[in-house]
Each structure stands twice: as C-alpha cells, then as structure tokens.
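1. just the structure for this:
(4 chains)
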Protein chains: 2
Amino acid sequence: MLSPAITRSPDTTAPSSDKQRPRNRPQAIAETIKDWIADKGLQPGDRLPQEHQLIADLGVSKGTVREALKVLEAQGLIRTRTGPGGGAFITEVERDHAAALLANHFFFKEITIANIYQLRIALEPELVADLAQHISEREIDELRSRMSAYTDPPASMEEEREQRVAELDFHDALASFSRNPLLSFNCAFLVRLLKDLIVCKRIYAQPNPELRVRGLTYQEQLIEALKAGDSETARAVMQAHMRAAQRLMLAREAEVTKGFLALSGSG
Amino acid sequence: MLSPAITRSPDTTAPSSDKQRPRNRPQAIAETIKDWIADKGLQPGDRLPQEHQLIADLGVSKGTVREALKVLEAQGLIRTRTGPGGGAFITEVERDHAAALLANHFFFKEITIANIYQLRIALEPELVADLAQHISEREIDELRSRMSAYTDPPASMEEEREQRVAELDFHDALASFSRNPLLSFNCAFLVRLLKDLIVCKRIYAQPNPELRVRGLTYQEQLIEALKAGDSETARAVMQAHMRAAQRLMLAREAEVTKGFLALSGSG
DNA sequence: AATGGCAATTTAATATGATAAATTCACTCC
DNA sequence: GGAGTGAATTTATCATATTAAATTGCCATT
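-> Below you'll find the predicted structure:
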C-alpha cells in the first residue's frame, strides 16, 4: 500500500489525507513513517526499510527521503548505521535528548530561579515520599557514594562550584530512581536547568561553608527516612531543604536576568 | 571567520573543537548554527544567512546544509520561506511543538493515569494559588466562557466525551495564565496526555452525571477564590478536586495498560 | 584450530547540477 | 489609482555520481 504522502504532480484535484499539516514533503514523509511505527507497533531496535526501498515505496527522491530521516533523527526516534545490514533503526528517545529539545522551548522565555524552585518545592518532596516505598539497597549505596564528593570543604572557588554540581547530581540520582517517568523526567529537567545556571553564570560566587554542612545533614536525614520507608518524614525533610535552598537562591537572583540557557547538546 | 565544523579531508590530526559530539556533518552544522544564534544573540524573526551563503561559509554541499536546516526546523527553532528576502528565520519553539517532541520520550514508557495524577495533584493546586495573585478580569471571563461548554447534560456518549475534553481545556486555560513558564508548560502537558488518553481509549465509557455537576460547582468555587485573590482557598479547592478526579480515574485505570500515546502532530 | 589482517561488498553520507514551486516586486493596462 | 501580469529571487525537489564507513568473509599466519 504505502501511498506517497503528497501526490507528485499538481494535476490531482483532492489530496488523499485529511490531516496533512506540513506542506513540505520531508516533514510529511516523516509523519508517514511515524504512523508506520505506531500502526505496525515497531519497537526500539527494529529497522526501517532501507533508503532505496523508501525511495521506491514513497516515490520521492533520495534527498527528500534523507531529509525526512534527518527529521526523525533530530527528534531522537531513529539512528542510522552504514554497512551491510545497516539502515535506520528505531530508538527510544533518550532522556537527555528530550531534555535538550524541551530546553529550546524555554530559550527565549526568561526562566528565573523562582520559577524553578516553585516546581522543585512541589515535586521533590513528592518524589522522595514515593521513593521511600520502593528504594533498594543498591540505590541507597549510590546516593551515599555521590555524597562523598563533598564531604570535605572545597579548597577553591572552582571546587566550590564542582561540589554544588555534585550536590545536584545527588538529586538527579533521586529522580532516576522514581517509577513515575513523568516525575522522574521533571525533577531531572529542573536539575539540568539549575546546572546550566551554575555552569554559565557564576552563582555561588562567594563560598558558603554552612550550606555544605547543612546539605550533608539533610541528606543524611533523608537517607535514613528512605531506608526506614518513612514517606512522610522523607517528604518533610525534602520540603524543608527545598525551602531553605529557595531562600538562599532567591537572594542571589537579582544578578541573573536572562539568556542563561544553553542551546547546546541535542545529539 | 566561521570555520567549518569538521575538516573535510581525513588528513588533519586533531579535531579543533573539544565538544563535537555528532560525527555526521548535518548535525555538527546544526550545532554550529545554534552557537551562532546564542553567540550573536539572534532573536525570533531574525534571518539566517541564505543557503548559498551557508554553503560558501561552511564549505559543505547544498544537501548537507539543507539537512542541517531541516534538523533545526524539526526542533522548531527556524522556519524557512521561499522567494525574494526569503530564507531561514529564527522562531520561538511553540508550546505544542515542544510538547509533541517531549511526548516522543514517553512513547515506549507506559505512562499510567496514576503517573499523571501524581503530578497534577502536586502542580495544579500550586498553579491556582499563584494565579490568585495576578489573574485578570479578562482571563476570568475566558474561564467562564469555557465552562459554558458543559452547563447542559450531555445528550450522547459522543457529547459526553466532548464535554470531558472541554473540561480539560478549562485546565489548559488555567495553565496558560501562569507567569511561570515551567509550571505553565507542565500543567498543559499533563492535560495533553489526558486528552490523548480520552481520545484514543474510551475512558469515561459509561456516563457519569454526578461528575459533571461536581466539576461545575468546584470550578465556581475556584473562580470565586481567584477573583478574591484568595490563594489558599484556591489551592484547597483544586487539591480536593484533583484528589476526587484521581480516585475516579484510578477506578478505570485497569483497562488502560499501554500504547495510548499518539506520536502524531509535531509540525 | 584460532587469530590477525586484507579485500570485497553493502549501505549510508556527501557532492553537484538541473528543474520546479513559491514569493516578492515592479510594471503595465484599464 | 487599482488589479492583474510577468520577471527576478530564493527555497524545494529531483536525479545522478562519488566518497566514506561498516561488515563480512577469505586467506595467511601462528
């Protein structure tokens, strides 16, 4: 079957499809291929027809097919390999890839620290309350090993920043343990935004020795609650920590106004 | 200056850039162009150099440049126009476009109703508490006009479903009023997921007259709280409503297991 | 019999040039 | 002076050829 998305010559009166939003061929063909994937229930690892096959089936030129495949690749849905048995293979859209695509949406939108913490306060306590129900020994070990990155006071401002990033990685690990993909992605995305902030602008310019100690004690409390399966304590500990972090961050928000989001890293 | 992202011949020993993740040219060039946008501070509406210009500057073929531009177009960052004065123009990444790209990430991930409501319960109360501080008369009018879509009981099962979608549009409107882009996007995205659920699977198969009435009364209470600028009441009302909706939805979750997310609509 | 490298094959990746479609803009005609 | 008309400009698509990458299998070496 596999009718081409758009008829070649302008003679035909009525277009076949009713949905047909994109009027340029590569996008239309990308949509067609997506529909195949959904209809045939293709799974990650499965292979699409080869280039020459697609050219024949869809009745379009090589360049058009390649542009269509590039669209799907940019969206993270496929990856192509050369050589015998090569071609385009379905892939899961990686978390980081999806995050990079989503970050583009906020590029011109002036995200503030207040914006980020409004969500963190709402989500991270829920995250750890959930985690307390099913976290494993191995996962707790991973949290502990991440904490070792900032048990000692930082020796330089550079190290100060590295420790702050490592602290965010702790939260990133927490997010990755969630069984709710939406919650998991969200918390990780917020961490990512904060990381970009820290890396690009120099928040935390002056060292703050109390902050590190307080962070460590709260994380200890949190891990205890998680081990005990005590959701409500975990929630309360995280909520208190998030509120404290928010206060501290807001005090330095004035310096940061716009344009901190990096467009980088979509591959 | 504008050096090509990757040197043409394989003679050069060390690659210039240190970051250079993608080893295929179109992606590398797309990254280069993104960097221009960030470095030069280009804004939506600004035009990129023309095709022939890019070919000359980057030292690659037309097809490669076109694939690179297609990548950026797929990500929603540019749009191209033909004719004199045409070319590639920077655009803001639209909310719906970003949502479609993000939905791809969850395609193979078995999102459940429980997953969605865990976030809605955390976020929507926060949303309306925030809104109570700055919502305008015009916005309240829009909410009221949306409510008119389900003041009368549904006459058919089809209409039942339409009313449920309209009710979700009410929450979509709420989300759009937020001044926190992250919160706004998130709430709208969750609504989108629920919409896809309702459209694809037939949740709400049997009509539920109480549900509509209860929804209307809660929305009335909510609007009163918003008008009064009473954040805490608004939060409480929404929280109660979300919890009730969650209970009702979970009762029907068993039928829904997997594969409900549509890949469609990224253009 | 296992292994290391070499060559052939397959497939995508890039390049080049020609033609088509869409848009703008100036110009003519009424 | 306004509507239509046609030339100019720019992207969109097509067609074909060449190059690069990855795999396979053969062969020699150990």
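
2. so where does the closest residue to A:His105 other than its chain neighbours fall, helix or strand?
-> Excluding the flanking residues, the one nearest A:His105 by C-beta to C-beta, 6 or more residues apart in numbering or on different chains is B:Ala98, at 3.6 Å. In this view, the C-beta of every residue, glycine as well, is placed from N, C-alpha and C. Taking DSSP states H and E as the definition, one finds B:Ala98 inside helix B:95-105.

3. pull the distance from that helix to the chain's centre.
-> Remark: helix B:95-105 is offset 5 Å from the chain centroid, using C-alpha atoms, centre = their mean, to the nearest Å.

4. tell me, how many residues neighbour A:Pro181?
-> 17 (other C-beta atoms under 10 Å in any protein chain shown).

5. would you check that it makes contact with B:Phe107?
-> No. A:Pro181 is beyond contact range of B:Phe107, at 10.7 Å (criterion: C-beta atoms under 8 Å).

6. let's verify A:Lys109: helix, strand, or coil?
-> coil (DSSP: H, G, I helix; E, B strand; the rest coil).

7. how much space between it and chain B?
-> 5 Å (C-beta to the nearest C-beta, to the nearest Å).

8. and if you look at A:Gly229?
-> 18 Å.

9. run through the residues that contact A:Glu162.
-> A:149, A:154 (C-beta atoms under 8 Å, 6 or more residues apart in numbering or on different chains).

10. neighbours around A:Thr217, how many?
-> 12.

11. helix or strand for it, which one?
-> helix A:209-228.

12. from the chain's centroid, how far away is that helix?
-> In terms of C-alpha atoms, centre = their mean, the centre of helix A:209-228 is set 26 Å apart from its chain centre.

13. assess the claim that A:Arg235 and A:Pro125 are in contact.
-> Yes. In this structure A:Arg235 lies within contact range of A:Pro125 using C-beta under 8 Å: 4.4 Å.

14. more neighbours, these two?
-> Higher neighbour count among A:Arg235 and A:Pro125: A:Pro125, with 23 against 20, using other C-beta under 10 Å.

15. quick check, that one in a helix?
-> Yes. Checked against three-state DSSP, A:Pro125 lies within a helix.

16. and the closest residue to A:Glu126 other than its chain neighbours, how far from A:Asp130?
-> Nearest residue to A:Glu126, sequence neighbours excluded (C-beta to C-beta, 6+ apart): B:Ala122, at 4.9 Å. Using C-beta to C-beta, to the nearest Å, one gets 11 Å for the distance from B:Ala122 to A:Asp130.

17. remind me which residues of chain A are low pLDDT?
-> Where chain A drops to pLDDT under 70, the residues are A:1-22, A:199-207, A:253-267.

18. show me what the helix or strand hosting A:Asn115 is packed up against.
-> Assigned by DSSP H and E, A:Asn115 belongs to helix A:113-131. Packed against helix A:113-131, as judged by 3 or more C-beta pairs under 8 Å, 6 or more residues apart in numbering or on different chains; DSSP states H and E, are the following elements: helix A:157-177, helix A:181-200, helix A:209-228, helix A:231-251, helix B:113-131, helix B:181-200.

19. the last one: how far from the chain's middle?
-> Averaging C-alpha coordinates over helix B:181-200 and over its chain gives two centres that are 7 Å apart (C-alpha atoms, centre = their mean).

20. what residues sit buried inside that helix?
-> Across helix B:181-200, burial judged by 16 or more other C-beta atoms under 10 Å in any protein chain shown covers B:181-194, B:196-198.

21. show me what that helix is packed up against.
-> By 3+ C-beta pairs under 8 Å, 6+ apart, helix B:181-200 packs against helix A:113-131, helix A:181-200, helix B:95-105, helix B:113-131, helix B:157-177.
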